[in-house]
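# generate coordinates for the sequence data below:
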Amino acid sequence: MKNNIFILLFLTSSLLNSQVSTFSFNINGTIPNGMLQALTLAGQKWSNHIQIDIPIKVNVFTVNASFLPFSAITLANGRKNFSNAPYSNILYTTALANQLAGTEVNSGEYDMDIYFNLATSFYFGTSKPSFSQMDFISTAMHEIGHGLGFYSDGNVDGSGKGSFGNVPPSAIFPLTASFPWRGQDSVPSIYDTYITKSSGNKLITSAAFDSFDLGDSINNGPLYFSGPMFANPSHSNTPVRVSGGTGSFSFGEDLLHIHNSYAKTIMSYYWGNGDTVRIPAPWEMGILREIGWNPLLVGVKEINRSVGIQIFPNPASEVITVSGQQLKQVDLCNLEGKVIQTISPRSNETEIKIMTEKLNAGIYFLKVQFDDAGSTVSKKIIVMH
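From the prediction side, this is the model:
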């Protein structure tokens, strides 16, 4: 389970194409019995947790080489400055960019390219693998997770210079790309913008890009994903530690994984043969939510409350209305979690109106609180003028 580079993947002919729920898997060549079914389940399990409006296209290859140092590796497509992009000059995986744009921004391309090394003793079933086998469903969920957005384009080169958005094609050797290389788009990923040092300072602003100082900053000291809106609250209101910061840099491993001290989380290296990790941890869902995904299963109270809430129009231009019973307070927050407006209804009112005409166009969140203590719903809204 190494990872991950942003690339553009042009459609190629395939021997098998399977549309599964909100994922499609394009299979190149012959695969073992049970592998397609396991891929199907991996995609379905992610579909059970996040809202996917634009189908995600996965291009699948197999190799069989015991000398290669990975069981699977993902090359993920990316885009910056697309329609409705929450931030300019920030790279998003196309799986996420398409959801935010509401349409395909990478027509004719796959969203991720996953290589599975069949020299690994994979278990393709749905129960528990033996201690000598690696669970394929868990592995596939891990790799798909990188394509969803657990992706960093941070790098420290052989000379010790650190950068974001300056990853040379040689970094993925022996894999090669026959398309424009997105690792050199000169911008950090949306995931990177939340990585902090122990001090709380953002890693991407800790030193100049392409500098030895940034290389030192990436290499040394614990690193965390700190998301004030969703990630930290899902992790006892503390940042989530990510891999790296141990004195040297390993491309495709550091930054873009949960630290291996977290037991059995999909996006960590903690698990291995005999383990199954098929349900995202709360902080993994918090991270995905922080970078822009809409969750489906975020807690019973929130789901029950959501049924009785109406938020319209969305997208909004001049005003947005929140309608529901027992409304207590609505906070309008930007993507960084900063509260922009707080509105409370008058006694017995069941509607709150929020003026959006003076807001910059983009994505915001509404945090809706109710009279019964502890009951809160967060909803994504889009402001367009």
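# every contact and neighbour count from this point should use C-alpha atoms.
Noted.
# OK, contacts around the residue nearest to the spatial centre of the chain?
Geometric centre of the chain, nearest residue: G149, 2.6 Å, by C-alpha atoms, centre = their mean. By C-alpha atoms under 8 Å, 6 or more residues apart in numbering, G149 lies in contact with Y92, T93, A95, L96, Y191, L288, I291.
# roughly how far does the closest residue to H385 other than its chain neighbours sit from S378?
Excluding the flanking residues, the one nearest H385 by C-alpha to C-alpha, 6 or more residues apart in numbering is S317, at 5.2 Å. Distance of S317 to S378, given as C-alpha to C-alpha, to the nearest Å: 20 Å.
# the more surrounded of the two?
S378 (20 against 17; other C-alpha atoms under 10 Å).
# which strands and helices sit next to the helix or strand in which that one is found?
Assessed by DSSP states H and E, S378 sits inside strand 376-383. Taking 3 or more C-alpha pairs under 8 Å, 6 or more residues apart in numbering; DSSP states H and E as contact, the helices and strands that strand 376-383 lies on are helix 300-307, strand 362-370.
# lowest-confidence stretch among those?
Mean pLDDT across those is lowest at helix 300-307; the value there is a mean of 43.
# now the element after it, going C-ward?
strand 310-312.
# report the buried residues of that next one.
I311 (16 or more other C-alpha atoms under 10 Å).
# who's in contact with it?
So strand 310-312 is contacted by I320, T321, V322, S323, G324 (C-alpha under 8 Å, 6+ apart).
# what does stretch 103-114 give?
In contact with stretch 103-114 (C-alpha under 8 Å, 6+ apart) are residues 8-11, 54, 56-61, 72-79, 82, 93-95, 97-98, 143-144, 147.
# the same query, at a cut-off of 7 Å, please.
8-11, 54, 56-61, 72-77, 94-95, 98, 147 (C-alpha atoms under 7 Å, 6 or more residues apart in numbering).
# over to stretch 89-98?
By C-alpha under 7 Å, 6+ apart, stretch 89-98 touches 54, 56, 76-81, 104-106, 111, 147-149, 187-190, 293.
# buried ones from these, can you make that a PyMOL selection?
Buried residues within those, by 16+ other C-alpha under 10 Å, are selected in PyMOL with:
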select buried, resi 54+56+76+77+78+79+80+104+105+106+111+147+148+149+187+188+189+190+293
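# among the contacts of stretch 89-98, which lie within helices?
When those are checked against helices (DSSP state H), the matches are G147, L148.
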